[in-house]
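Colleague: Model the structure of this input:
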Amino acid sequence: MLMTIAAAQLPVVFLLLAAGTVAKIGTVAREAEPGMLSRLGPAVLVPERWRGPAMLGCALGELFLATGLLLTGHPFFRWGIAGFFAVSTYVLWELRRRRPDVGCGCFGEVSALPVGRRSLGRTMVLTAMSAGLVWTPAIPGWEAMASLTWAHVPITLTGLLVLAALSPEIEETIARLRYRAPCEQRRLDPATALGRLRASTVWRSHAGLLSSKDPVDSWRELCWRFFVYQGTGQAGAPVDVVFAIYLSGRHPAVRVAVVGSDGQPVETESLPESLPISAGR
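Modeller: Sure thing, here's the model as predicted:
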């Protein structure tokens, strides 16, 4: 019976290792907020310039162990995984004692909540699961998972449910999905707004006025991104063609104004979707 329970946890251990690897690599590659790694352990235990490499090294270590578990039956990987989670438990205990303000970083930026009993309990459970794998048949993990029967399914699901109950990241993820930041606080690459502008009918109807296809100025005001182009009016006088793109929605509004050197609007034959432009930016 104990052997059956241990064998049923192999896919659970592999899944947690793979998920931790992907999340950590994504966090280091993205680093959505400046200084984010300073709030995630165990990166906080090393100097600032080594925090990214430290988290990446942890992710690569997990990838190495998960790959070895999947492709081989060598005891080194099973003992290695058990040791990894045992050391993780100790590190989280130290983080909770020395830096109670930082998250465990187990799943990258999602694990930003301070280390609590649930996170510690999860690594303890994973340590026990991994230790049980040491006594299962020494065959590649993929072969062991392929040989699991329906009798193993309830045990595997129970293990997943226990880990889910010990994972505050699930609640954090749900909260993030439910919360949508106001438009003016959302990030949007200027290149994306520029692409939306050039795909609009407003751009096509005013392209003939432009002296260059590259903007001379750009700025953002709340939910609008503005682009200024140099152009030539009907009388040959230089003008500024100012486009404004709304930064929300699948089909965002695009507005345009043509102004002279004195800052006053210039009449054109066709000026759809026009907008008033103030002197300030």
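Colleague: For the residue in the chain sticking out farthest from the centre, list the residues it contacts.
Modeller: Distance to the chain centre peaks in the chain at residue 235, reaching 51.3 Å (criterion: Cα atoms, centre = their mean). Not one residue lies near residue 235 by Cβ atoms under 8 Å, 6 or more residues apart in numbering. All C-beta atoms are positioned from the backbone trio N, CA, C, and that covers glycine.
Colleague: how about it, secondary structure?
Modeller: At residue 235 the chain is in coil, as set by DSSP: H, G, I helix; E, B strand; the rest coil.
Colleague: pLDDT of the helix ranked longest in the chain, averaged?
Modeller: What stands out as the longest helix in the chain, according to DSSP state H, is helix 75-98. Mean per-residue pLDDT for helix 75-98: 92.
Colleague: can you pull the buried residues of it?
Modeller: By neighbour count with 16 or more other Cβ atoms under 10 Å, helix 75-98 contains the buried residues 77-78, 80-82, 84-86, 88-89, 91-92, 95-96.
Colleague: try stretch 158-178
Modeller: Those would be 159, 163, 166, 167, 168, 169, 172, for stretch 158-178 by 16+ other Cβ under 10 Å.
Colleague: Equivalent analysis for stretch 14-27, please.
Modeller: Residues 14, 16, 17, 19, 20, 21, 23, 24, 25, 26, 27 are the ones in stretch 14-27 that count as buried (16+ other Cβ under 10 Å).
Colleague: Which single one of those is nearest to residue 58?
Modeller: Of all those, residue 58 sits closest to residue 24, with 6.1 Å by Cβ to Cβ.
Colleague: C-alpha coordinates for the lowest-mean-pLDDT helix or strand in the chain, CSV please?
Modeller: Lowest on mean pLDDT, DSSP states H and E among the helices and strands of the chain sits helix 168-178, with a mean of 79. Only the C-alpha atoms of helix 168-178 are listed here, as CSV (Å, rounded to 0.1, in the frame of the first residue of the first chain):
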residue,chain,number,x,y,z
PRO,A,168,-1.5,30.7,-1.3
GLU,A,169,-0.4,31.4,-4.9
ILE,A,170,-3.7,30.0,-6.1
GLU,A,171,-5.7,32.6,-4.2
GLU,A,172,-3.2,35.3,-5.3
THR,A,173,-3.6,34.3,-8.9
ILE,A,174,-7.4,34.4,-8.7
ALA,A,175,-7.3,37.8,-7.1
ARG,A,176,-5.1,39.1,-9.9
LEU,A,177,-7.4,37.8,-12.5
ARG,A,178,-10.4,39.4,-10.9
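Colleague: Tell me the one among the buried residues of helix 75-98 nearest to residue 265.
Modeller: Distances from residue 265 to those, taken by Cβ to Cβ, are shortest for residue 95, at 60.2 Å.
Colleague: May I ask you to confirm that that closest one is in contact with residue 44?
Modeller: Yes - the pair residue 95 / residue 44 is scored as a contact, 7.5 Å apart, by Cβ atoms under 8 Å.
Colleague: Mind listing the shared neighbours of those two?
Modeller: Contact criterion Cβ under 8 Å, 6+ apart; residues shared by residue 95 and residue 44: residue 102.
Colleague: which residues touch stretch 148-157?
Modeller: Here stretch 148-157 has contacts from 4, 5, 7, 8, 9, 11, 12, using Cβ under 8 Å, 6+ apart.
Colleague: Now which of those would you call buried?
Modeller: Buried among those by 16+ other Cβ under 10 Å: 7, 8, 9, 11, 12.
Colleague: Identify those among those that sit within helices.
Modeller: Short answer: those in helices (DSSP H) are 7, 8, 11, 12.
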